[in-house]
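[1] A structural model of the following input is requested.
(4 chains)
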2 protein chains.
Amino acid sequence: MGVAEGEPAGRDQADGRKLELRVWLRMLATTKLISQEIRRRLRTEFGATLPQFDLLAQLDREPDGLRLGEISKRTMVTNGNITGLVGRLEADGLISTETPGDDRRVTVARLTEAGRTAFAEMARVHESWLRELMADVDPKTCATLVGSIDQLQRSARNHLSEEE
Amino acid sequence: MGVAEGEPAGRDQADGRKLELRVWLRMLATTKLISQEIRRRLRTEFGATLPQFDLLAQLDREPDGLRLGEISKRTMVTNGNITGLVGRLEADGLISTETPGDDRRVTVARLTEAGRTAFAEMARVHESWLRELMADVDPKTCATLVGSIDQLQRSARNHLSEEE
DNA sequence: TATTGTTATACTCTATAACTATA
DNA sequence: TATAGTTATAGAGTATAACAATA
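    Numbering: from 1, shown residues only, chains lettered A, B, ... in the order given. Predicted coordinates:
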């Protein structure tokens, strides 16, 4: 979890047994490092949190809005906590909610015009932060990473506790 | 942030401009997916949290213990919050603290015997979880990932806000 | 009965700043 | 004055479970 691994770099290939652990520890540390920086900047520049940004990003690509349960799945935030997140964003005027159809249990959230405008700017700046933070990464490495991480994500999904 | 990217997979290489963003979003989502699972298991099996596990792991590789400030750096947890973490772990009997030298400002934490035993078991099981979750990942991909993520971490470190 | 979402709760993490004691 | 760590505080995240309304 921590940054320092405290082990020589040369034996990465040799010691295959703990390779998964090494990948995970590095990934966790790196993600923590970057996400702390991104969270800090989101807060100071936009007064937003990462889960809020994530939620807005999901709605931004769905002009018709999303049901709260679907938002919960996509953001990996539990239903009960979506209620609070949506409440805060609605209070800020960035999203609105409605019950669109006949099923009165359903709530759909979507971006307001103000929310769409605000998110566009946030996304633009956010992307530039990532380019900046990853400036020293070889583009080929970058391209490889996308696929490798996808593979990792699929594997993890397949082996979560007892489902599907 | 979210899991679904909602874009066709084929253009990863073509659209180089947003490659950094794509890497980051996938990495964040994957890390969240896995760490939620790991946190859940740590809690149910050992009553521990991820930051606690991280702290214990740092102490496990330092038989002489670590100063709190050093723990703070390695775990990327602020000084003020280390106090609380250390307090909880000490209350559980897993670590002990002392002022070893003449400088009475310094506090060093180290694993107790019980803590070392408990962590050994936690680490063993934790490693098996990772092997399980990453079972479908090609070993070569795994080996590549270690280096790629290291490169990414170094880049991010170099471009954090105004330091070093 | 199952589903959608809300409420309630408890705990932890996260971040900041002011503070104490020591050097 | 600078450093090591503590205390205080505020706000969010995280997880669980019980619950209401609807289907």
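
[2] secondary structure element for the residue positioned nearest the centre of chain A?
    By Cα atoms, centre = their mean, chain A has its centre lying nearest to residue A:54, at 5.5 Å. In the assignment (DSSP states H and E), residue A:54 maps to helix A:50-60.

[3] is chain B contacted by that helix?
    Yes - counting by Cβ under 8 Å from any Cβ of the partner chain, chain B is contacted by helix A:50-60 at A:50, A:53-54, A:57-58. Every C-beta, even on glycine, is put in place using the N, C-alpha and C of the backbone.

[4] which of those residues count as buried?
    A:50, A:53-54, A:57-58 (16 or more other Cβ atoms under 10 Å in any protein chain shown).

[5] got those residues as CSV, with distance to residue A:137 and pLDDT columns?
    As requested, those are exported to CSV (distance: Cβ to Cβ, whole Å; pLDDT from 0 to 100):
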residue, distance to residue A:137, pLDDT
A:50, 21, 93
A:53, 22, 94
A:54, 23, 94
A:57, 22, 95
A:58, 26, 94
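
[6] where does chain A dip in pLDDT?
    By pLDDT under 70, the weakly predicted segments of chain A are A:1-17, A:161-164.

[7] residue boundaries of the strands in it?
    Remark: strands assigned in chain A by DSSP state E are A:66-67, A:95-98, A:108-111.

[8] Verify the contact between residue A:68 and residue A:85 for me.
    No - using Cβ atoms under 8 Å, residue A:68 is not in contact with residue A:85; the gap is 9.6 Å.

[9] So between those two, which is more surrounded?
    Between residue A:68 and residue A:85, counted using other Cβ atoms under 10 Å in any protein chain shown, residue A:85 has the larger neighbour count: 21 against 16.

[10] give the contact list for the more buried one.
    The contact partners of residue A:85, taken as Cβ atoms under 8 Å, 6 or more residues apart in numbering or on different chains, are A:51-52, A:55, A:77.

[11] What is the nearest of these to DNA strand D?
    DNA strand D has its nearest neighbour among the contacts of residue A:85 in residue A:51, at 3.6 Å by Cβ to the nearest atom of the strand.

[12] and the gap between that closest one and DNA strand C?
    Using Cβ to the nearest atom of the strand, to the nearest Å, residue A:51 is found at 12 Å from DNA strand C.

[13] again, but for residue A:109
    According to Cβ to the nearest atom of the strand, residue A:109 stands 9 Å off from DNA strand C.

[14] Spit out the contact partners of that residue.
    By Cβ under 8 Å, 6+ apart, residue A:109 lies in contact with A:59, A:65-68, A:71, A:86, A:90, A:95-97.

[15] Kindly reformat the residues you listed as a markdown table containing distance to DNA strand D.
    Supplementary listing: the contacts of residue A:109 in a markdown table, determined by distance: Cβ to the nearest atom of the strand, whole Å:
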| residue | distance to DNA strand D |
| --- | --- |
| A:59 | 15 |
| A:65 | 18 |
| A:66 | 18 |
| A:67 | 13 |
| A:68 | 13 |
| A:71 | 13 |
| A:86 | 10 |
| A:90 | 13 |
| A:95 | 14 |
| A:96 | 19 |
| A:97 | 15 |
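
[16] List buried residues within those residues.
    Buried members of the contacts of residue A:109, scored by 16+ other Cβ under 10 Å, are A:59, A:65-66, A:68, A:71, A:86, A:95-96.

[17] ok, longest helix in chain A?
    helix A:19-46 (DSSP state H).

[18] Please list the residues of chain A that sit near DNA strand D.
    A:49-52, A:77-81, A:84-85, A:88, A:102-105 (Cβ under 7 Å from any atom of the strand).

[19] In PyMOL, select just the buried ones from these.
    Selection of buried members from the residues of chain A next to DNA strand D for PyMOL, criterion 16+ other Cβ under 10 Å:
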select buried, chain A and resi 50+51+52+77+85+88
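
[20] Looking at the residues of chain A next to DNA strand D, which are in helices?
    Mapping the residues of chain A next to DNA strand D onto helices (DSSP H) picks out A:50-52, A:79-81, A:84-85, A:88.

[21] still on that earlier bit, between the residues of chain A next to DNA strand D, which is closest to residue A:113?
    Here the nearest of the residues of chain A next to DNA strand D to residue A:113, counting by Cβ to Cβ, is residue A:52; it sits at 17.9 Å.

[22] Counting neighbours, what do you get for residue A:89?
    Other residues within reach of residue A:89, judged by other Cβ under 10 Å, total 23.

[23] How about the one 5 residues further on?
    Look at residue A:94: counted by other Cβ under 10 Å, it has 22 neighbours.

[24] Was I right to think residue A:129 contacts residue A:39?
    No - contact criterion Cβ under 8 Å: residue A:129 and residue A:39 do not qualify, at 11.1 Å.

[25] Those two: which is more packed in?
    Higher neighbour count among residue A:129 and residue A:39: residue A:129, with 19 against 15, using other Cβ under 10 Å.

[26] residues in contact with the more buried one?
    By Cβ under 8 Å, 6+ apart, the contact list for residue A:129 reads A:37-38, A:41.

[27] please redo it, this time with the cut-off set to 7 Å
    Neighbouring residues of residue A:129 by Cβ atoms under 7 Å, 6 or more residues apart in numbering or on different chains: A:38, A:41.
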